[in-house]
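Provided below are the primary sequence and the corresponding predicted coordinates.
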Amino acid sequence: MTRLTLALDVMGGDIGPRITIPASLLALENDSELSLILFGDSQQISPLLNKCSQSVLERIQVQHCSSVIENNQGISYALRHSKGTSMRLALEFVQRGEAQGCVSAGNTAALMGLSKILLQPLQGIARPALISQVLTIDGEKSVMLDLGANIECSAENLYQFAIMGAIFAEARLNLVYPRIGLLNIGIEEIKGHQSIRDAANLLQKSTVLNYVGFIEGDVLLNGKADVIVSDGFAGNVALKTLEGAVRNLLSLFKDKANSRFIKPILAWLFRFVFKQRYKRLKRINPDEYNGASLIGLKAVVVKSHGSANVNAFAHAIADAAFQARQQLPEKILVGLARY
C-alpha cells in the first residue's frame, strides 16, 4: 500500500465537521498509510480531535479557512467569491502536488467549476463527468455517468463518457471489456433525443467498446450493463430515484413506530419473513457506494453526498485513496489513445 495524502473540504455537506471529522478519523483508522489535510474552521475542527489517538493525529494537518462555499450559491457567484474557501484551498493543494486527491461534500457545481479551472481536464477530454458505482441486486457493481455535471450533452460528449466509464470500470471494478449501455426511454432505435441516437451510432461503429444498446430505468440495478451512460440531468434523477427507493424500502424493515410493543414485534416479523430480501436490499444501500468521482480531470476529485453520514463519507475518502493509488487519471489518459 502506497502512502498518500488527501485534501478534505470538511465544511461541505449538510452538517459539516460533525460528520466529516469523525469520518476522517474512521478513514485514518482503516488505512494506516493515509494522511489527511483538513480544510475548514479550526474552531469547529479542533474540539472534534480531542479524543483522537496520537498515532492518528500525526497523520492530520488542519488548514484554517475563513469562508465556505454554500450549497445555495449559484455557480457564477461561488466561483467569483471562492478565494479563501475550504473547497478552493483543498483543490489548490492538489494543484500544487501537496495532496494527491480531494474529497468534498460541498456545492457540486462549484466543485466541478473550480476543479476544471485549477486541475484542468485531461488532454482530449471536452467535459469531465461525475461517475459513481451502483450495486446491483445480485451483489455485483455497475458504474453510472454523468450524474449531474453536464445537464445537456452532445453525442460526442456521451461517446467520451462511455470511453471514460469503460476505463473506470476496468480499473475500479477489475472488469475486462465492460458492457456499455445508453440510458434511454426505450430500447428501440427510434426512441430518445437525437443526441442519444447519434451517440448510439458512434458506439456501434467502435470496434473496441462493448456497446450493448439502450437500457431503460427499470433495469438499472439488474446488471444489464457494466457502464451506464446518460446526460447529467437524466443520470442525476435516475440515481437519486434509485437511492430514495432503496432507503424507503429499508425503512419498512425498521421500527419507526411510537408503539412500545406491537409495532416493534411486527417490524421484527417483517424482517424475519423477508430475511433474504432484506439482506439483498442492505447490500445496495447507497451509503455503501457514496462518492461520485469527477473523472476526466488531471487529478482525483471525489464528491460525497451532502447528506452523507459518517460511514458514507469515510467510504468516499477510501474511494479517493484507491483511485489515487491506482493513478486513475493517468490510466484514463493512456486509455483514451486506445479508443
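Arrived safely, thanks for sending.

any regions of the stretch 101-250 of the chain where pLDDT drops low?
249-250 (pLDDT under 70).

the strands in it, which residues?
Taking DSSP state E, counting those that start in this stretch to define them, one finds strands in the stretch 101-250 of the chain at 101-104, 129-135, 141-145, 179-183, 210-215, 227-229.

and the spatially most central residue of the chain, backbone torsions?
Centroid-nearest residue in the chain, with C-alpha atoms, centre = their mean: A292, separated by 1.2 Å. Main-chain dihedrals, A292, degrees, to the nearest 10: phi -110, psi 130.

that one contacts V302, correct?
Yes. Between A292 and V302 a contact is recorded at 7.2 Å, counting by C-beta atoms under 8 Å. (Glycine included, C-beta is placed from N, CA and C.)

Q43 looks like it's in a helix, true?
Yes. Counting by DSSP: H, G, I helix; E, B strand; the rest coil, Q43 is found in a helix.

all numbers from here: first residue = 22
Happy to do that; since the first residue is 22 now, the last one works out to Q64.

how far away is it from T106?
Distance of Q64 to T106, given as C-beta to C-beta, to the nearest Å: 16 Å.

between the two, who's got more neighbours?
Ranked by neighbour count (other C-beta atoms under 10 Å), Q64 and T106 place T106 first, with 26 against 9.

hey, C-alpha coordinates of stretch 30-42 in PDB?
What follows is stretch 30-42, C-alpha atoms only, in PDB (Å, rounded to 0.1, in the frame of the first residue of the first chain):
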ATOM      1  CA  ASP A  30     -13.100  20.100   2.400                       C
ATOM      2  CA  VAL A  31     -14.600  19.300   5.800                       C
ATOM      3  CA  MET A  32     -17.000  22.200   5.800                       C
ATOM      4  CA  GLY A  33     -19.100  20.900   2.900                       C
ATOM      5  CA  GLY A  34     -22.300  18.900   3.300                       C
ATOM      6  CA  ASP A  35     -25.500  19.400   5.200                       C
ATOM      7  CA  ILE A  36     -23.800  19.000   8.700                       C
ATOM      8  CA  GLY A  37     -20.200  19.700   8.100                       C
ATOM      9  CA  PRO A  38     -17.400  18.900  10.600                       C
ATOM     10  CA  ARG A  39     -19.700  16.900  12.900                       C
ATOM     11  CA  ILE A  40     -19.900  14.300  10.100                       C
ATOM     12  CA  THR A  41     -16.700  14.900   8.100                       C
ATOM     13  CA  ILE A  42     -14.300  14.900  11.100                       C
END
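
how about it: buried residues?
For stretch 30-42, a neighbour-count test (16 or more other C-beta atoms under 10 Å) marks 30-34, 37-38, 40-42 as buried.

ok, those residues vs I96, which is closest?
In terms of C-beta to C-beta, no member of those lies closer to I96 than G33, at 15.2 Å.

in helices, which of the buried residues of stretch 30-42 fall?
Mapping those onto helices (DSSP state H) picks out 38, 40-42.

closest to Q144 out of those?
T41 (33.0 Å).

identify the residue nearest that closest one in space, chain neighbours excluded?
V31 (4.0 Å; C-beta to C-beta, 6 or more residues apart in numbering).

if I look at that neighbour, how far off is L59?
Taking C-beta to C-beta as the measure, V31 falls 5 Å from L59.

identify the contacts common to the two.
Among the neighbours of V31, those also in contact with L59 (C-beta atoms under 8 Å, 6 or more residues apart in numbering) are 41-42, 45, 66.

number of nearby residues for Q65?
Here the number of neighbours of Q65 (other C-beta under 10 Å) works out to 14.

against I81, how distant is the closest residue to it other than its chain neighbours?
Nearest residue to Q65, sequence neighbours excluded (C-beta to C-beta, 6+ apart): P38, at 4.6 Å. Using C-beta to C-beta, P38 is found at 13 Å from I81.

state the distance from G127 to T26.
20 Å.

nope, A341 is what I meant
Distance from A341 to T26, by C-beta to C-beta: 11 Å.

for this structure, what's the longest helix?
Under DSSP H, the chain gives helix 253-273 as its longest helix.

pull the CA coordinates from stretch 339-351 and hand them back as CSV.
C-alpha atoms of stretch 339-351 as CSV (Å, rounded to 0.1, in the frame of the first residue of the first chain):
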residue,chain,number,x,y,z
ALA,A,339,-11.4,5.4,0.9
ASP,A,340,-12.6,5.6,-2.7
ALA,A,341,-10.5,8.7,-3.4
ALA,A,342,-7.5,6.9,-1.8
PHE,A,343,-8.0,3.9,-4.0
GLN,A,344,-8.2,6.0,-7.2
ALA,A,345,-5.1,8.0,-6.3
ARG,A,346,-3.1,4.8,-5.6
GLN,A,347,-4.3,3.3,-8.9
GLN,A,348,-3.3,6.5,-10.7
LEU,A,349,-6.7,6.5,-12.4
PRO,A,350,-6.4,9.9,-14.2
GLU,A,351,-3.2,8.6,-15.8
